[in-house]
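**Student:** Here's a sequence, model it:
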Amino acid sequence: MRPVVKVLLVAAAIIAFGYIFIGNLGSQKIEFETNSAEIVPVGELTDGTEIIQSFSIGKSKTLSAVAIKLATYIRVNEGKIIVSVRRSAHGDTIYSKSVDASSIADNEYLVHRFPPIRFMKNDTYYLSIKSIGAGPGRAITAYKTSDDADPDGELWIDGIPQTGDLVIKTYTFEPWFARIFNLFT
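**Tutor:** Okay, here's the model as predicted:
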């Protein structure tokens, strides 16, 4: 192999390393947190029940995590929940995670972290929570607001529009190099 080709391959490898690894160093911050004077449970999430909450991320933001406030009714519950972030209400899943209902803490946020979603800034996302295998009296619940706490968001339970919004937090990611660059612009 000629020396010029070797130099080009090494340079390409260094650039790829920098883009993949250094580009993913940064910090997470809470972008949005549901605020309301009154929150209420949505009811038991029994087998097959699906809750969908839409939300938006502002311009030049990179979504990196969502958190949902859940409750157990102070008991050990059965089944699983599938937490998904989607591009549309019923398709194009970006990230999904299965969680055993017995591992959920009462009145705490369940945080769903994933690699930062790049190149989809200013889009609407859909958070889905679907229950699998939980019977009545053995299912968790999620909290929602009594009022419309997020004017850009909508809430559905089993496809039926609801008043209020899920109690959630959304997190965005800012690479360190972008933060440093922004100091000089």
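**Student:** make it CA atoms for all contacts and neighbour counts henceforth
**Tutor:** Noted.
**Student:** Geometric centre of this structure: which residue is closest?
**Tutor:** With distances taken as Cα atoms, centre = their mean, the chain has Val66 as the residue nearest its mean C-alpha position (2.9 Å).
**Student:** Pairing partners for the residue lying closest to that residue once chain neighbours are set aside in the sheet, please.
**Tutor:** Residue nearest to Val66 in three dimensions, not counting chain neighbours: Thr170, with 4.5 Å by Cα to Cα, 6 or more residues apart in numbering. Beta-bridge partners for Thr170, by DSSP bridges, are Phe32, Val66.
**Student:** Pretty sure Glu31 is one of the things Thr170 touches, is it not?
**Tutor:** Yes: counting by Cα atoms under 8 Å, Thr170 touches Glu31, with 5.5 Å between them.
**Student:** Angles on the backbone of Ala12, please.
**Tutor:** The phi/psi pair for Ala12 (degrees, to the nearest 10) reads phi -60, psi -40.
**Student:** Confirm Glu174 sits in a helix?
**Tutor:** No: using DSSP: H, G, I helix; E, B strand; the rest coil, the assignment for Glu174 is strand, not a helix.
**Student:** Quick check: bridge partners of it?
**Tutor:** Beta bridges link Glu174 to Ser27, judged by DSSP bridges.
**Student:** what's near enough to touch it?
**Tutor:** Going by Cα atoms under 8 Å, 6 or more residues apart in numbering, Glu174 touches Gly26, Ser27, Gln28, Lys61, Thr62.
**Student:** cool, and Ala67?
**Tutor:** Shown in contact with Ala67 (Cα under 8 Å, 6+ apart): Tyr109, Leu110, Val111, His112, Ile168, Lys169, Thr170.
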